[in-house]
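Chemist: Give me the fold of what follows.
(one chain, ligands or ions: 2)
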Amino acid sequence: MKLLLIGAGNMGLTYAEGMLTSSLLNGNPIRVHDKSLEVKEKILKDDRFIFEEDLQTALSEADIVFLAVKPYHKEDVFEEINELVKPGQMFVSLMAGVNIKTLSKGLNAKKIVRTMPNLPAQVGKGVTSFTVSKHVSKLEAKLVKSLLDTTGVSVKVKNEKFIDASTGISGSGPAYVFYFMESMMQAARDMGFSEKVSKVLVSQTFEGAVELFNQNDLSPKKWMDRVASKGGTTRAALDSMEDNNIRELIHDAAYAAFDRAVELGKE
Ligand SMILES: NC(=O)C1=CN([C@@H]2O[C@H](COP(=O)(O)OP(=O)(O)OC[C@H]3O[C@@H](n4cnc5c(N)ncnc54)[C@H](O)[C@@H]3O)[C@@H](O)[C@H]2O)C=CC1
Ligand SMILES: O=C(O)[C@@H]1CCC=N1
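Modeler: Numbers count the residues shown, from 1 in each chain. Ligands and ions are numbered 1, 2, ... in the order given. Below you'll find the predicted structure:
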């Protein structure tokens, strides 16, 4: 299988690096095209990839094209390639809020996979949701799933509504976790800990809690009960969160991202 990546920034390169481990490549190199001189120089020095200056040649040979430019650069890419696209070619978009209809029209292509990736893909712990246009066969969807799985796990969702929804949960979600971490680190510093110790206390707490959650079948609520003693310190913190409606505020924040993804799709 021959893969081409258009846009080798944070996300594009992360997915390309993951896919290097896929047996589906069958010895074929991943070709990469990017407008930036800096990225070009970086890829030329990286013997795991082939940099393609000439998009026309690169595209003509590709079975699957990954699109990882920013959403506001989509039109440039559409203009550059839509007259060169061949009917059997499949396009996998990593762009937030760009819907299948827009992709299909802009690229003049029928086989479209729309994904919502997330940043932990950089360390092989990503979660990517994806959905496919009706011209993508079950087998093709399986192949794409296996490519996406090289960066963590992937989840096939029913339709694009769930892509926008997963943007609000897993796509933007790592930033919510960092927000929580930043707030706890601030509290730790205010209590007198150094930056270094604050970081260890907070990051190990997150890592340990996630590991416990993943290794057992208990709900978050049950885990909270295991930490909290009656009349103790944790209950004081949890009561403070509930009194301040943190639960609703987090819910609203996730919905704000979801709504913004829907809105972006209309722009
Ligand atoms: N960063 C994140 O956490 C997430 C990002 N995404 C999506 O991933 C996509 C890429 O985001 P990043 O990698 O963060 O951006 P980035 O800015 O790091 O990379 C985009 C790359 O596209 C290149 N580019 C721009 N126009 C081009 C063109 N016409 N032809 C070829 N290359 C071109 C740029 O030179 C740059 O290297 C975005 O559409 C974003 O919505 C989705 C979920 C999470
Ligand atoms: O903020 C954004 O628009 C992108 C999509 C999900 C994460 N980053």
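Chemist: contacts for the host helix or strand of Phe178?
Modeler: Taking DSSP states H and E as the definition, one finds Phe178 inside helix 173-190. Residues outside helix 173-190 that contact it (Cβ atoms under 8 Å, 6 or more residues apart in numbering) are 118-120, 195, 197-199, 201-203, 205-206, 250, 253-254. (Each C-beta comes from the backbone N, C-alpha and C, glycine too.)
Chemist: Out of those, name the ones that lie in helices.
Modeler: Glu195, Val197, Ser198, Lys199, Leu201, Val202, Ser203, Thr205, Phe206, Ile250, Ala253, Ala254 (DSSP state H).
Chemist: Buried subset of those residues as a ChimeraX selection?
Modeler: In ChimeraX, this line selects whichever of the ones in helices among the contacts of helix 173-190 come out buried by 16 or more other Cβ atoms under 10 Å:
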select :198,202,254
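Chemist: Nearest to ligand 1 among the ones in helices among the contacts of helix 173-190?
Modeler: Taking Cβ to the nearest ligand atom as the measure, ligand 1 lies nearest Ala254 of the ones in helices among the contacts of helix 173-190, at 14.7 Å.
Chemist: that older thread, name the residues of the helix holding Phe178 that come out as buried.
Modeler: Gly173, Met181, Met184, Met185, Ala188.
Chemist: and that helix with ligand 2, contact?
Modeler: No - using Cβ under 6 Å from any ligand atom, helix 173-190 never reaches ligand 2; the gap is at least 7.2 Å.
Chemist: Please save the CA atoms from that helix in PDB.
Modeler: Output in PDB follows, covering the C-alpha atoms of helix 173-190 (Å, rounded to 0.1, in the frame of the first residue of the first chain):
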ATOM      1  CA  GLY A 173      -9.700  16.600  25.900                       C
ATOM      2  CA  PRO A 174      -5.900  16.500  26.500                       C
ATOM      3  CA  ALA A 175      -6.100  20.300  27.000                       C
ATOM      4  CA  TYR A 176      -8.700  19.900  29.700                       C
ATOM      5  CA  VAL A 177      -6.500  17.400  31.500                       C
ATOM      6  CA  PHE A 178      -3.600  19.900  31.200                       C
ATOM      7  CA  TYR A 179      -5.800  22.600  32.600                       C
ATOM      8  CA  PHE A 180      -6.600  20.500  35.600                       C
ATOM      9  CA  MET A 181      -2.900  19.700  36.000                       C
ATOM     10  CA  GLU A 182      -1.900  23.300  35.800                       C
ATOM     11  CA  SER A 183      -4.500  24.300  38.400                       C
ATOM     12  CA  MET A 184      -3.300  21.500  40.800                       C
ATOM     13  CA  MET A 185       0.300  22.600  40.200                       C
ATOM     14  CA  GLN A 186      -0.600  26.100  41.100                       C
ATOM     15  CA  ALA A 187      -2.200  25.000  44.300                       C
ATOM     16  CA  ALA A 188       0.900  22.900  45.100                       C
ATOM     17  CA  ARG A 189       3.100  26.000  44.600                       C
ATOM     18  CA  ASP A 190       0.800  28.100  46.700                       C
END
